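Peer 1: Provide a 3D model corresponding to the input given below.
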Amino acid sequence: MPYQAKVDRNLCIGSADCVSIAPKTFVLDSESKSTVKAQGVDDDETLMQAAKTCPVAAIILTDETGKQVYP
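Peer 2: Numbering: from 1, shown residues only. All right, here's what the predicted structure looks like:
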């Protein structure tokens, strides 16, 4: 089962790096903040890359057991 992604909207600054890397998973909303539009559509490697490029570490990844794997 792939990683699950969550965006901490209090941290998000709308850089859209995650959207450019994983556009199937992330989208900017009407407030220009990232949100998860779908789970399980990008592979774990892509999600990890998207999370690591976030300049404010607003993307939280968990594994199938719910354990946080990033950050």
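Peer 1: Can you list the buried residues in stretch 59-69?
Peer 2: 59-61 (16 or more other C-beta atoms under 10 Å). All C-beta atoms are positioned from the backbone trio N, CA, C, and that covers glycine.
Peer 1: if you look at those, which of them are in strands?
Peer 2: Here DSSP state E is the test, and the buried residues of stretch 59-69 give 59-61 as lying in strands.
Peer 1: Quick one: those as a markdown table, columns for pLDDT and distance to residue 34 too.
Peer 2: A markdown table is the format used below for those (pLDDT from 0 to 100; distance: C-beta to C-beta, whole Å):
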| residue | pLDDT | distance to residue 34 |
| --- | --- | --- |
| 59 | 98 | 8 |
| 60 | 98 | 12 |
| 61 | 98 | 13 |
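Peer 1: Looking at the chain, which helix is longest?
Peer 2: helix 44-53 (DSSP state H).
Peer 1: Pick out whichever of the buried residues of stretch 59-69 sits closest to residue 6.
Peer 2: residue 60 (4.5 Å; C-beta to C-beta).
Peer 1: Could you measure from that closest one over to residue 19?
Peer 2: 16 Å (C-beta to C-beta, to the nearest Å).
Peer 1: quick one: which of the buried residues of stretch 59-69 is nearest to residue 44?
Peer 2: residue 61 (8.2 Å).
Peer 1: Straight-line length of stretch 57-70, end to end?
Peer 2: Terminal residues of stretch 57-70 lie 9 Å apart, using C-alpha to C-alpha, to the nearest Å.
Peer 1: who touches it?
Peer 2: 1, 3-9, 11-13, 18, 34, 47-48, 50-52, 71 (C-beta atoms under 8 Å, 6 or more residues apart in numbering).
Peer 1: How far off centre is it?
Peer 2: 10 Å (C-alpha atoms, centre = their mean, to the nearest Å).
Peer 1: Among the contacts of stretch 57-70, the buried ones, what's the PyMOL command?
Peer 2: Buried members of the contacts of stretch 57-70, defined by 16+ other C-beta under 10 Å, are picked up in PyMOL with:
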select buried, resi 3+4+5+7+12+18+34+47+48+50+51
